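S.K.: turn this into a structure:
(one chain, ligands or ions: 1)
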Amino acid sequence: MNTFQKSIIKICLGLLGLVFFTPQINAQTKLTLDLTKPGANVSPMLYGLMTEEINHSYDGGLYAELIRNRIFKDNPTTPEGWSLVRQDSGSKAAIKLIAATQDNVPFDERRHAINGALQTCLRLTVEKADGRVGIANEGYWGIPVKPSTTYKASFYIKGTGSFQPPRRPGAQQPAQPAGPVIDDNTAGPITVTIESNDGKTVYASGTINLAKSIFWKKHELTLTTAANVKPTTDARFVISTNRTGLYYFNLISLFPPTYKDRLNGNRPDLMKMMVDMKPKFLRFPGGNFLEGPLITDAFPWKETLGPIDNRPGHRGSWGYRPTDGMGLLEFLLWCEDIGAEPVLGVYAGYSLNGDHIDAGPLLKPYVDDALNEIEYVMGDVKTYWGAKRAADGHPAPFKLKYVEIGNEDWFDRTGSYDGRFNQFRTAIETKYPQLVCISTIADAQFPNLKVTTGKKPAVLDEHYYRNSWAMWENASQYDTYDRKGPKIFVGEWATREGVPTTNLNAALGDAAWMTGMERNSDIVIMSCYAPLFVNVNTATATAPKAWQWDSDLIGYNALSSYGSPSYFVQKLFSYYLGNKIVPVTAENVPTQNRPLTRRDSSENITPKPIPTIFYAATKDQKAGDIYLKIVNTTGKQEPVEISLKGVTKILPEATLVVIKGDKPEDTNTITDPEKIVPVTSKINGVAPVFTRTLDPYSVTILQLQTGNR
Ligand code: AHR
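M.R.: Below you'll find the predicted structure:
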């Protein structure tokens, strides 16, 4: 080949290169907001919260109790969370669970029950005391110590010696324990401390006086830390003596200050985070927690009422035993404190192991139970359960509109939900015609299982746990829902990326999905993310990992808390929301291809291109403000032309809020809680047509002012 031929080939290759490798110049993305006519109403209940006892959401979470295993029922064989404290190795002492409910324990050990709920106690046997001897509680991954803080401690205690005097003639006589006779020197001061785990630093202390008595007595005291204390979770709670004898303990409780100073109340930091989200409702008590592993483990709302001294706790659904300190009334007060309406889930006769109770007479007691529960929530004080609520301290009925019948009953493949739902709905709506019963089976998700008996359910609960690709791919699914069909409650959903709390990519998935719910909020009337809470502690030598579900919204340890990027998306979407949907049309939205899934390959599916940009707009008719939310899921800056069609007046200044990060995996953690946070600023230059360049991996909210204010 001569030089001329070579040059020709080079030119041809060059031209080919131009054809194949010249980057495609995309036409600019345009969003047109049609302000010529008001759109449909935004649902006033659109954004709410969902909660259940999972990931130590209450015990070791929102519920402010600091003592783990306070009634010693967490494990029947060992006092989990508790240990023996011996100041001097010369002391001879031991701790042991005494379970009054077990038939195989000696009679004398069975007589220590305080009531039906407090039947297992902890015995501290002090045979020889060199210095102090006591019991220590490790808390929920530590006892949080904060400066200038007053803690309320309380516990039942009684003391004896090992020799038991004979009883009344005819009564069963106590068996004298084998081993040495231990003198009863228990009467006298008992010391209570919050101290470092090595016992060297005492952060707060107090004493009670133990009188000589064979009967239980409840003691209460306060413990206050000094102003110069450094916050730590490396602390324990100790009750100690320096005298011999047998000491019995039950219901040992320690509360830090609570939100609004409520007795048996909640952590202020977590309450504040929820208040900031402006949630319109709270869906409780689950989730799986409502159902329980077995029919006998369903949320026992009646046993969660009244003083904590009467609450035995129950098995729970997530591998640990809830105290039920967060009981039905506490859920309702939580709603009241965050300005949310309860969405009450009632047990519908189906539990997690797959057992169910068929519609008919066997289900009736469960239906009656739900009616009673509803009466407790909203009944007049003249009703039986309304009077109970009043006696519990809340005479005013709570506002209730939505009752959900069960949870995720699509798992019940027997098809029994149709009959069960109908029986519950008929009874509830007959007694309370103002209530709306929500079906947990949604037609779109489970067409073969949907409720067909009786009238169509007015609201269907859909659940979606997806990755970000699936969120982006399905973000417009509600655009095509039948407007004459039932309303949709997206009662659980999340983009599951990031552990234990979600990362930025998940937040981009969430935000895209929320634009779809928001612009369809004429039909999607309610939605709530799940799970809401996670205790982020990993396993220690004595306690297991705190969470059971990856990718949660709000993380915390005993001392502090933080919001995931998804939390900030939730908060902003709820905060910047108008009352009318503004129709938006888009042009030239770039697309992306998602990686093929196994299902794609097996079912020979070629996925459709997915938009990279998502959007929704609403208008506050009164103030005239327009809220435009735009999500850029890619790592590229994206200029977007925004047209406000039909706008007569627009102020050049607007509020801009952006959540963004450098890479999709960026996240917040307990030690780096503010890596991804929204940044608010003012921008200028807003006009009927203007351009805004979206940051890479960002959620942008624009509050535009049409000057009605
Ligand atoms: O949110 C975690 C669990 O997911 C809920 O308990 C259950 O309803 C769903 O399957």
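S.K.: so what's the residue sitting nearest the centre point of the chain up against?
M.R.: Taking CA atoms, centre = their mean, the centroid of the chain lies closest to Leu532, which sits 3.2 Å from it. Contact partners of Leu532, counting by CB atoms under 8 Å, 6 or more residues apart in numbering, are 49-51, 57, 552-554. Heads up, the C-betas are built off the backbone N, CA and C, glycines and all.
S.K.: pick the one among those residues closest to the ligand.
M.R.: Proximity of these to the ligand was ranked by CB to the nearest ligand atom; the top entry is Met50 with 7.4 Å.
S.K.: OK, contacts around that closest one?
M.R.: 282-284, 287, 491-492, 528-532.
S.K.: any idea of the mean pLDDT in stretch 391-401?
M.R.: Mean pLDDT, computed over stretch 391-401, is 98.
S.K.: what's in contact with that stretch?
M.R.: 305-306, 329, 332-333, 335-336, 341-342, 344, 374, 377-381, 386, 389, 434-436.
S.K.: and if you look at stretch 267-276?
M.R.: 49, 61-64, 256-259, 334, 337-339, 533, 554, 556, 560-561, 563, 567, 571.
S.K.: again, only using 7 Å
M.R.: By CB atoms under 7 Å, 6 or more residues apart in numbering, the residues outside stretch 267-276 that reach it are 49, 62, 64, 257-259, 337-338, 554, 556, 561, 563, 571.
S.K.: show me which pair in these is furthest apart.
M.R.: Pro257 and Lys571 (24.2 Å; CB to CB).
S.K.: for the protein, which residues are neighbours of the ligand?
M.R.: 52, 54, 286-288, 407-408, 492, 530-531, 549 (CB under 6 Å from any ligand atom).
S.K.: among these, name the ones in helices.
M.R.: Among these, the members found in helices (DSSP state H) are Asn288.
S.K.: that older thread, quick check, nearest of the contacts of stretch 267-276 to Pro293?
M.R.: Leu62 (22.7 Å).
S.K.: could you measure from the closest one over to the ligand?
M.R.: Applying CB to the nearest ligand atom, to the nearest Å, the value for Leu62 to the ligand is 16 Å.
S.K.: wouldn't that residue be in contact with Asn266 here?
M.R.: Yes - the pair formed by Leu62 and Asn266 meets the contact definition of CB atoms under 7 Å, at 5.0 Å.
S.K.: and these two? Which one has more around it.
M.R.: The neighbour comparison of Leu62 against Asn266 (other CB atoms under 10 Å) goes to Leu62, with 27 against 23.
S.K.: quick one: buried residues of stretch 563-572?
M.R.: 563-572 (16 or more other CB atoms under 10 Å).
S.K.: picking that back up, can you put the residues of the chain next to the ligand in TSV and add neighbour count?
M.R.: Output for the residues of the chain next to the ligand, formatted as TSV (neighbours: other CB atoms under 10 Å):
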residue	neighbour count
Glu52	28
Ile54	27
Gly286	26
Gly287	26
Asn288	20
Asn407	26
Glu408	20
Glu492	22
Ala530	23
Pro531	24
Trp549	19
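S.K.: what's the closest of the contacts of stretch 267-276 to the ligand?
M.R.: Once CB to the nearest ligand atom is applied, the member of the contacts of stretch 267-276 that ends up nearest the ligand is Leu49, at 12.2 Å.
S.K.: burial count for the closest one?
M.R.: Neighbours of Leu49 (other CB under 10 Å): 25.
S.K.: that one contacts Leu282, doesn't it?
M.R.: Yes - assessed by CB under 7 Å, Leu49 is found in contact with Leu282 at 5.0 Å.
S.K.: got any residues that touch both of those two?
M.R.: Ala340.
S.K.: got the contact list for the nearest residue to Phe255 once chain neighbours are set aside?
M.R.: Leaving aside its sequence neighbours, Phe255 sits nearest to Lys152 (CB to CB, 6 or more residues apart in numbering; 4.6 Å). For Lys152, the contact set (CB under 7 Å, 6+ apart) comprises 220, 222, 255.
S.K.: drop anything exposed from these.
M.R.: Using 16+ other CB under 10 Å, the buried ones in the contacts of Lys152 are Phe255.
S.K.: in the stretch 601-709 of the chain, what residue is nearest the ligand?
M.R.: Closest point on the stretch 601-709 of the chain to the ligand, by CB to the nearest ligand atom, is Thr667, at 19.6 Å.
S.K.: ramachandran coordinates for the residue nearest to that residue when sequence neighbours are not counted?
M.R.: Counting by CB to CB, 6+ apart, Thr667 lies nearest to Asn503, which is 4.0 Å off, once chain neighbours are set aside. In terms of degrees, to the nearest 10, the main-chain angles of Asn503 are phi -100, psi -180.
S.K.: what's the burial count for Asn503?
M.R.: Around Asn503 there are 26 residues (other CB under 10 Å).
S.K.: quick one, phi psi at Asp297?
M.R.: phi -110, psi 10.
S.K.: now do Leu290
M.R.: phi -70, psi -40.
S.K.: contacting residues for Ala153?
M.R.: 192, 221, 223, 253-254.
S.K.: and with 10 Å instead?
M.R.: Contacts for Ala153 were tallied using CB atoms under 10 Å, 6 or more residues apart in numbering; they are 66-67, 192-194, 204, 206, 208, 219-223, 237, 239, 252-255.
S.K.: same thing with Ile190?
M.R.: With CB under 10 Å, 6+ apart, Ile190 has these contacts: 134, 155, 157, 159, 206-210, 219, 221, 239-243, 247, 249.
S.K.: now name the helix or strand holding it.
M.R.: Using DSSP states H and E, Ile190 maps to strand 188-196.
S.K.: only alpha carbons, please: show that strand as CSV.
M.R.: Extracted as CSV, the C-alpha positions of strand 188-196 are listed here (Å, rounded to 0.1, in the frame of the first residue of the first chain):
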residue,chain,number,x,y,z
GLY,A,188,-31.1,-0.3,105.0
PRO,A,189,-29.9,2.0,102.1
ILE,A,190,-29.8,0.7,98.6
THR,A,191,-27.6,2.6,96.2
VAL,A,192,-28.7,3.4,92.6
THR,A,193,-26.2,4.7,90.1
ILE,A,194,-25.6,5.5,86.5
GLU,A,195,-21.9,4.8,86.0
SER,A,196,-19.2,3.9,83.5
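S.K.: mind giving me the packing neighbours of the helix or strand following it?
M.R.: Later in the chain than strand 188-196, the nearest helix or strand by DSSP H and E is strand 202-210. Strand 202-210 sits against strand 150-160, strand 188-196, strand 217-224, strand 235-241, with contacts defined as 3 or more CB pairs under 10 Å, 6 or more residues apart in numbering; DSSP states H and E.
S.K.: what bridges to Leu644?
M.R.: Leu33 (DSSP bridges).
S.K.: correct me, but it touches Ile626?
M.R.: Yes - between Leu644 and Ile626 there is a contact at 7.4 Å, judged by CB atoms under 10 Å.
S.K.: report the set of residues contacting both of these two.
M.R.: Joint contacts of Leu644 and Ile626 (CB under 10 Å, 6+ apart) are 33, 35, 582, 617, 650, 686, 704, 706.
S.K.: let me know the pLDDT of the nearest residue to Asp355 once chain neighbours are set aside.
M.R.: Spatial nearest neighbour of Asp355, chain neighbours left out: Ile295 (5.4 Å); criterion: CB to CB, 6+ apart. pLDDT for Ile295: 98.
S.K.: residues contacting Ile295?
M.R.: 347, 349-353, 355-357, 366.
S.K.: may I ask which of these has the most neighbours?
M.R.: Going by other CB under 10 Å, Gly349 tops those with 30 neighbours.
S.K.: okay, now the nearest residue to Tyr567 once chain neighbours are set aside: neighbour count?
M.R.: Counting by CB to CB, 6+ apart, Tyr567 lies nearest to Leu553, which is 5.1 Å off, once chain neighbours are set aside. Neighbour count for Leu553, taken as other CB under 10 Å: 27.
S.K.: in the stretch 501-650 of the chain, what residue lies closest to the ligand?
M.R.: Closest point on the stretch 501-650 of the chain to the ligand, by CB to the nearest ligand atom, is Ala530, at 4.0 Å.
S.K.: all set now, cheers.
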